[in-house]
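Student: 3D model of this:
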Amino acid sequence: MSLWYVYPIWHRVSFTLIAKKHLEYMKKKARVEEIDELAFPHILPHSRPLVFIQPFFYVMLRSSRFISRRLHAYRGFIGIDVADSDRISNLAVSMTDYVEVMVVPSSFAKEAYIKSGATCRVEVVPHGLDDYWFTDPPRLTQSFPDLFNLKRQRRLKFLLFFLWHSDYRKGADLVYNFYRELKKERKDVVLIFKTATADGHWAKKFKELSCIHVYGWLTEEQKMELYDLSDIYLLFSRGGGFELNGLEALVRGCFVIAPNRGSWVDYLDRMHLVNSHSCSYVLKDNPIHCGKGVEVDIERAIDRVHVVLDNLDDFKAKQREFVMKRVYPNFRWEVVADRLLEIAKAIYERQRGVVAHVV
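Tutor: Next comes the predicted model:
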């Protein structure tokens, strides 16, 4: 079985990180050739590989005229992509005609593809985490001892929000308005605001609310420590294909608050979800993700946070039980990689069966 995996190697984006985790575990059980997305259109294969492509839509947008000339050289394509909103465009739907199957990370994404008119097979294969995210003891003082001491000395509750990019989609304005109102009602909460860089519009805005600003690239261990130090993670995204930060927070015991619609519903429980309403777009004028999103009801979110913070130990215990029963069996990279290989194997076997029948 000849397998290629095409993904962005030439620069590091979120798709790169997901692809590397897929490959790390897939390569333990199969031979998979890694191909950079920019090189892929110019390589003529001789082994008729089955090709995973991530992100499928943007690779095709850039290179479809080259790829379409060489379709005979491939056994087929397995597209891996997301749905950041509740619909994908007609252009995106037309590109799905090239694949044997589209792999998406959530039930929300699958529904968006089907509702938009995609007729290909759509399989849900979620993102995951390494086992140590579930098993390692809390990290509290290795990288952020000042935060640990501040929390203990002032008996604070820490809220956490990650904003790497896409401030509107990630709900930066919603988190800002939420925290501004919550501070009027509670004096024991502080928001930790994590960004990629030290400056920017929202870095300045959140500093007005006396938030703790953490910025720069974090190691896995440093990320884990931020979750371990924090009590509630604010997943206020308007859309997104999965929102891995929510899963990371959940597994590390940081209680998650999120809207009751969206891709994150697959890995959260009812106790994490609050009412939401629709918003007209997630990514304005995007050629792929052209649908609507959701906005968390800020008043309901504030009410829920009060209840959780006043009963924090009970809620964290319930969350831990949920994680071990529902999340651990399904949201680990090892399980994810096995599922991807199963999909590839099924395509091979189906095609061999067709050939045998014709013969």
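Student: could you list the domains of the chain?
Tutor: The chain resolves into domains spanning 3-128+333-358, 131-327 when parsed by automatic domain parsing.
Student: burial count for the closest residue to R332 other than its chain neighbours?
Tutor: Nearest non-adjacent residue to R332, counting by Cβ to Cβ, 6 or more residues apart in numbering: G128, 4.7 Å away. C-beta coordinates here come from the backbone N, C-alpha and C atoms, glycine included. The local packing of G128 (other Cβ atoms under 10 Å) involves 27 other residues.
Student: same check on L156?
Tutor: Counted with other Cβ under 10 Å, the neighbours of L156 add up to 16.
Student: ok, it - contacts?
Tutor: By Cβ atoms under 8 Å, 6 or more residues apart in numbering, the contact list for L156 reads 150, 188-190.
Student: residue ranges for the helices of the stretch 101-250 of the chain, please.
Tutor: 107-116, 131-135, 145-154, 167-170, 172-185, 201-207, 220-229, 244-251 (DSSP state H, counting those that start in this stretch).
Student: next one: phi and psi at L156?
Tutor: The phi and psi values for L156, taken as degrees, to the nearest 10, are phi -90, psi 160.
Student: circling back to that earlier point, please tell me which one of the contacts of L156 counts the most neighbours.
Tutor: Going by other Cβ under 10 Å, V190 tops the contacts of L156 with 21 neighbours.
Student: do I have it right that it meets F161?
Tutor: No: judged on Cβ atoms under 8 Å, V190 makes no contact with F161 at a distance of 11.6 Å.
Student: tabulate the domains of the chain in TSV, adding columns for mean pLDDT.
Tutor: Shown next, in TSV, are the domains of the chain (pLDDT from 0 to 100):
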stretch	mean pLDDT
domain 3-128+333-358	94
domain 131-327	96
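Student: how much space between W10 and L44?
Tutor: 20 Å (Cβ to Cβ, to the nearest Å).
Student: likewise for T16?
Tutor: To L44, T16 is 25 Å away according to Cβ to Cβ.
Student: more neighbours: the two, which one.
Tutor: T16 (17 against 6).
Student: my guess is that one contacts V6. True?
Tutor: No: T16 lies out of contact with V6 (Cβ under 8 Å); the separation is 11.7 Å.
Student: what about A344, how many neighbours?
Tutor: The tally of other residues near A344 (other Cβ under 10 Å) stands at 23.
Student: F56 now?
Tutor: By other Cβ under 10 Å, 26 other residues sit near F56.
Student: same thing with E299?
Tutor: 12.
Student: element containing it?
Tutor: Secondary structure from DSSP states H and E places E299 in helix 298-310.
Student: helix 172-185 and that helix, what's the angle between them?
Tutor: Angle, helix 298-310 to helix 172-185, by axes from the mean of the first three to the mean of the last three Cα atoms, to 10 degrees: 60 degrees.
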